[in-house]
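Student: next comes the sequence, and after it the predicted model I'd like to discuss.
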Amino acid sequence: MRAIVSIQGKQYEVEEGRYVLVDRVQADENAEVVLDNVLMVSAGEHSIIGAPFIEGATVKTTVRRHGKGPKVLVYKMRRKKGYRRKNGHRQEFTELQVTMLDFPGKDAIASQVKPTEEKQESKKAPKAQQPKAEKKAAPKKEKVEVTAQMPEPPQAPEETSAAE
């Protein structure tokens, strides 16, 4: 199951068991953070869309770590004026581990999704057991020898002297 969650004004797609990098959240490491601004939940072909949020839907996450992103250089310059400013910036982030997606009607949708996943797995198994078809060799092309003779270039007329 997947969900789209709004965290500090930005939207993130989350999935159970995965982690997501978000802007710095004021929480200690290994603390549980509950996100209740769930915009959409999808499970297989079923989806629930909020207006703007889904009532009673929550995403439970655990803070894995805090850190800083890569350094970004900010360079300002006005040509011909001698104005140059160089700044560096590292954006702080929090890594959240998604532990559970909870929303109204989860049990009903989960029971409908599991049989379809089993069907997809059973379809894949027979294909792996079938032998591969043999490829036929392409017919060989005949070699044709071309023996063309170049025509001789025209010869210049012989010069005759006028004194003779």
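Tutor: That came through, no problem.
Student: quick one: the strands in this structure?
Tutor: For the chain, the strands identified by DSSP state E occupy 2-7, 10-15, 19-23, 32-35, 38-43, 46-49, 58-68, 72-78, 83-89, 92-102, in order along the chain.
Student: ok, which of those comes nearest residue 112?
Tutor: Of all the strands of the chain, it is strand 46-49 that lies closest to residue 112, at 6.7 Å by Cβ to Cβ. Yep, even glycine has a C-beta here, placed from its N, CA and C like the rest.
Student: what pairs with that closest one, parallel or antiparallel?
Tutor: strand 38-43 (antiparallel) (DSSP bridges).
Student: contacts for the strand it pairs with?
Tutor: Under the contact criterion Cβ atoms under 8 Å, 6 or more residues apart in numbering, strand 38-43 has outside partners 1-6, 11, 47-50, 52-54, 57-59, 101, 103, 109-110, 113.
Student: for the chain, where's the lowest mean pLDDT among helices and strands?
Tutor: Taking mean pLDDT, DSSP states H and E as the measure, helix 106-129 is the helix or strand of the chain with the lowest mean score, a mean of 60.
Student: give me the neighbour count for the nearest residue to residue 94 once chain neighbours are set aside.
Tutor: Leaving aside its sequence neighbours, residue 94 sits nearest to residue 25 (Cβ to Cβ, 6 or more residues apart in numbering; 4.4 Å). Residue 25 sits with 18 neighbouring residues when counted by other Cβ atoms under 10 Å.
Student: make sure residue 25 is actually in contact with residue 96.
Tutor: Yes - the pair residue 25 and residue 96 qualifies as a contact (Cβ atoms under 8 Å) at a distance of 7.3 Å.
Student: what do those two both touch?
Tutor: Between them, residue 25 and residue 96 share these contacting residues under Cβ under 8 Å, 6+ apart: 33, 63.
Student: shaky segments in the chain?
Tutor: 113-133, 161-164 (pLDDT under 70).
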